[in-house]
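Participant: Quick one: sequence plus predicted model below, questions after.
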Amino acid sequence: MAEIVTVCPYCGCGCGLYLRVTDGRVVGVSASRSHPVSQGRLCLKGWHAHELVDNPARLTQPLIRQNDKLQEASWEEALGAVAQGLGRVMETAGPKAVGVLGSARCANEDNYALVRFARASLGTPNIDCSLRIQCFPELSDSEDGLGLGVSTGQIADLAESDVIFLIGADPAAEHPAVAAWVYRALQRGARVVTASTRKHALARLAEVHLPVVPGSEVSWIGSLLHVLLLERRVAGEEAEDLAALRASVADLKPEKTEEETGVPAEALRKAAELYAEAKQVAVVYAGGFALSPRAGAALTALGNLSALSQRGAGPRVVMLSLLSRNNLQGCRDMGVAPNYLPGYGRLSDEATGRRLEQAWGTSLNRQQGLSAWQMLGQVRGLYIMGDDVTRSLPDARATREALQGLEFLVVQDIFMSPAAELAHVVLPAAAFAEREGTWTSLERRVQRIHRAVDPPGEAREDWRIVADVSSAMGKPMPYESAAQIFEEIASLVPIYAGVFYPPLAVNGGIRWPTQEARKAEDHAFTREDLGLSERAAQAVKPGPGNASRNEEYPLLLAADPTLEPWAGEMTVTHTLTVEREFTVTDRDYPNGMLCLNPEDAKRLGLRRGQPARVVSSRGEAQMQVSLSEEVPEGLAVTTYAQGARLGLMEISVDPDTGRPTLSPTPISVGPAKR
């Protein structure tokens, strides 16, 4: 039995594992003891990662829609159909009528080739990944000045942190490898502060818990800064560069925040005390924070903790962004976004643009394009590579209708996704164990995945499919291997300078930027290219609060991204053992779960499992009642996927990022009519 070293294909932790191969089949998994993150441990998903590969539901043959049915076709026929369909849209409406979606599940090489395909081959600026809605490449910062919304340190930094802030994060459900480090930190005496909608298992072990309604983050973070700067005076009194920040939080006393949001003033002061007395603080945030209605302003406010740390006021701060998928970080690094180029290059930067154009031998569209959530409803043709857009965006019904209304839709994936069911052409892709390439974890760790078995049927690597389509459209790409593409990435993308392909095969890979890149003062890569500038403190921007409860709608319904975060995810539903574990909520509550505090349920005359009539200003639905003391009184909670599907919740647009999200919505609840 052969054992092939690779990386877990699920969350952004990037745990190391070995695939066990017998007779050309992947039959099992073992954990890598030497991996710096997992250290011989895997979560349930990782232990069963092999089931993704050896699965009879895999796509194995190109499909073309004929007579309203997807029918098997040859690669030649499928590539011709894609070239003809996209070409027809571009001929009648121009390149901007086409959108391209990359994937947080695909490799760096795939996404890099896709950016070239979009901006150079097609000439469209509309390139994005729908899961970018969960992260902020343009807002947050780090103690080493990265300034790109990426994690500042490593997961292992949790072991050295005196205080750990978990903000909108439930690592036990989302990122078990991180949870393991947190539990070990608790055992050695670290103090934990949690800020979340539910008082989940880790929150019950915390020294301080802040019960946060999504959308109130700016207020409570501002109050935390108020206590630190104006009451505890951690940065002194005369610092001119903090004048704007001080002024912006002057009125945000914890008592005022408690009155407006319900977050206890005493708990905020205790959290500030723990922060001020620590030597190192780890600030860990995830989907529950990133998908808040005012996440942009909240993350800017949170970044001030990093700014204070950089200027020596308070403890050293490590920020960890718990990205939801295995290569969401790499997807962003490769420029799968409408507002920057590979390596976070500015669209207006002539040097960056020329560097890419010279390497690619053609001009590229350097305009700002449409985001994933803007494309649907505005473009006429769409090319999707491994992106489950029907699950990522906050209005599932509108997303599906937009896909149905496209003139031409291409989907390449390993399984038949909801989007692929609507496609005009479906292209079968190779899974992680059937190809070479690299992924970049949430801690900027670039690691190699290795080919253990051959792809099934006629499935191909994603980068190869993209190159084949480009060639069919008259724009050939000279790529022969993933290694060749990565060498080009390392030579053109400044943050990947010094990341060489062969050493990535070692367990743990290489974190960017390397020391070589940091010291590269004498060639084309400037400190700004590498994001090595210091962060300045920024004023906190309080804004309007959430819609409030009233007599007609006495409860607030919130969608919690940390509750059942893997339900409906295609890589889970096609993994037999994992599927049973992570789809319990959808099986037990097929009409939607309404999770209430027992006291609220008692007051409303509702029992566990009982159907309830839920009404909002947008409509009504019948949901089933679940009871949990994790949910505070006055609040009802459902999963983010169900909130997007039911059509009950208000969808707000973050004024700082332009991203749509489900907003806490006033509802009335009563027994369903029989």
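Facilitator: Thanks, I have the structure now.

Participant: what packs against the helix or strand hosting E91?
Facilitator: In the assignment (DSSP states H and E), E91 maps to helix 75-93. Taking 3 or more Cβ pairs under 8 Å, 6 or more residues apart in numbering; DSSP states H and E as contact, the helices and strands that helix 75-93 lies on are strand 63-66, strand 98-101, strand 381-385, strand 408-413, strand 425-428, helix 462-472. C-beta: built from backbone N, CA, C; applies to glycine.

Participant: Most tightly packed of these?
Facilitator: Greatest average neighbour count among the helices and strands packed on helix 75-93 goes to strand 98-101 (a mean of 29), per mean count of other Cβ atoms under 10 Å.

Participant: Could you point out the helix or strand that follows that one?
Facilitator: Once the chain leaves strand 98-101, the following helix or strand, as judged by DSSP H and E, is helix 108-116.

Participant: Which elements pack onto that next one?
Facilitator: Against helix 108-116 (3+ Cβ pairs under 8 Å, 6+ apart) you get helix 328-333, strand 381-385, strand 437-440, helix 462-472, helix 482-492.

Participant: who's in contact with the fourth one?
Facilitator: Counting contacts by Cβ atoms under 8 Å, 6 or more residues apart in numbering, the residues outside helix 462-472 that touch it are 75, 79-80, 82-83, 103, 106-107, 109-110, 112-114, 116-117, 121, 383, 385-386, 410, 412, 427, 429-430, 437, 460, 476-477, 479, 482, 485.

Participant: Among the residues you listed, name the buried ones.
Facilitator: Among the contacts of helix 462-472, those classed as buried by 16 or more other Cβ atoms under 10 Å are 75, 79, 82-83, 103, 106-107, 109-110, 112-114, 116-117, 121, 383, 385-386, 410, 412, 427, 429-430, 437, 460, 477, 479, 482, 485.

Participant: before we move on, back to that, columns distance to R20 on top of the helices and strands packed on helix 108-116, output as TSV?
Facilitator: Converted to TSV, these look like this (distance: least, Cβ to Cβ, whole Å):
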stretch	distance to R20
helix 328-333	26
strand 381-385	29
strand 437-440	20
helix 462-472	25
helix 482-492	23
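
Participant: mind checking which of these is nearest W360?
Facilitator: Evaluated with Cβ to Cβ, these place helix 482-492 nearest to W360, the distance being 9.2 Å.

Participant: Can you check what angle separates the helix holding E91 from helix 462-472?
Facilitator: For helix 75-93 and helix 462-472, the angle between their directions (axes from the mean of the first three to the mean of the last three Cα atoms, to 10 degrees) works out to 60 degrees.

Participant: Let's see helix 75-93 as PDB, backbone CA atoms only.
Facilitator: These are the backbone C-alpha positions of helix 75-93, laid out as PDB (Å, rounded to 0.1, in the frame of the first residue of the first chain):
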ATOM      1  CA  TRP A  75     -14.000  16.900 -25.300                       C
ATOM      2  CA  GLU A  76     -13.700  18.300 -28.800                       C
ATOM      3  CA  GLU A  77     -17.500  18.800 -29.000                       C
ATOM      4  CA  ALA A  78     -17.600  20.300 -25.500                       C
ATOM      5  CA  LEU A  79     -14.700  22.700 -26.100                       C
ATOM      6  CA  GLY A  80     -16.300  23.800 -29.400                       C
ATOM      7  CA  ALA A  81     -19.600  24.400 -27.700                       C
ATOM      8  CA  VAL A  82     -18.000  26.500 -25.000                       C
ATOM      9  CA  ALA A  83     -16.000  28.600 -27.500                       C
ATOM     10  CA  GLN A  84     -19.100  29.000 -29.700                       C
ATOM     11  CA  GLY A  85     -21.400  29.900 -26.700                       C
ATOM     12  CA  LEU A  86     -19.100  32.400 -25.100                       C
ATOM     13  CA  GLY A  87     -18.100  33.800 -28.400                       C
ATOM     14  CA  ARG A  88     -21.700  34.400 -29.400                       C
ATOM     15  CA  VAL A  89     -22.300  36.400 -26.200                       C
ATOM     16  CA  MET A  90     -19.200  38.500 -26.700                       C
ATOM     17  CA  GLU A  91     -20.000  39.100 -30.300                       C
ATOM     18  CA  THR A  92     -23.500  40.400 -29.600                       C
ATOM     19  CA  ALA A  93     -22.800  42.200 -26.200                       C
END
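
Participant: Name the residues of that helix that are buried.
Facilitator: For helix 75-93, burial by neighbour count (16+ other Cβ under 10 Å) applies to 75, 78-79, 81-83, 85-87, 89-90.

Participant: Just give me how far it sits from the chain centre.
Facilitator: With Cα atoms, centre = their mean, to the nearest Å as the basis, helix 75-93 stands 31 Å off its chain's centre.

Participant: what does it contact?
Facilitator: By Cβ under 8 Å, 6+ apart, helix 75-93 touches 62-64, 73, 97-98, 122, 380-381, 383, 407-408, 410, 424-425, 427, 458, 460, 468-469, 472-473.

Participant: Now do the contacts for R346.
Facilitator: R346 makes contact with 340, 352, according to Cβ under 8 Å, 6+ apart.

Participant: What separation do you get for it and V625?
Facilitator: Shown here: R346 relative to V625, a distance of 51 Å by Cβ to Cβ, to the nearest Å.

Participant: Could you pick out the longest strand of the chain?
Facilitator: With residue count as the measure and DSSP state E as the assignment, the chain has strand 619-627 as its longest strand.

Participant: Show me what whichever helix or strand comes after that strand is packed up against.
Facilitator: Helices and strands here follow DSSP H and E; after strand 619-627, the next one along the chain is strand 635-639. With contacts taken as 3+ Cβ pairs under 8 Å, 6+ apart, strand 635-639 sits against strand 555-560, strand 593-596.

Participant: Would you format those strands as TSV with mean pLDDT, distance to S248 and mean neighbour count included?
Facilitator: Below are the helices and strands packed on strand 635-639 laid out as TSV (pLDDT from 0 to 100; distance: least, Cβ to Cβ, whole Å; neighbours: other Cβ atoms under 10 Å):
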stretch	mean pLDDT	distance to S248	mean neighbour count
strand 555-560	95	27	25
strand 593-596	96	35	25
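
Participant: wait, which of those strands is closest to S321?
Facilitator: Comparison of the helices and strands packed on strand 635-639 against S321 by Cβ to Cβ identifies strand 555-560 as nearest, at 18.2 Å.

Participant: before we move on, the earlier item: redo the helices and strands packed on helix 108-116 as a markdown table? Include distance to R311 and mean pLDDT.
Facilitator: Converted to a markdown table, these look like this (distance: least, Cβ to Cβ, whole Å; pLDDT from 0 to 100):
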| stretch | distance to R311 | mean pLDDT |
| --- | --- | --- |
| helix 328-333 | 27 | 95 |
| strand 381-385 | 43 | 98 |
| strand 437-440 | 29 | 97 |
| helix 462-472 | 43 | 98 |
| helix 482-492 | 33 | 96 |
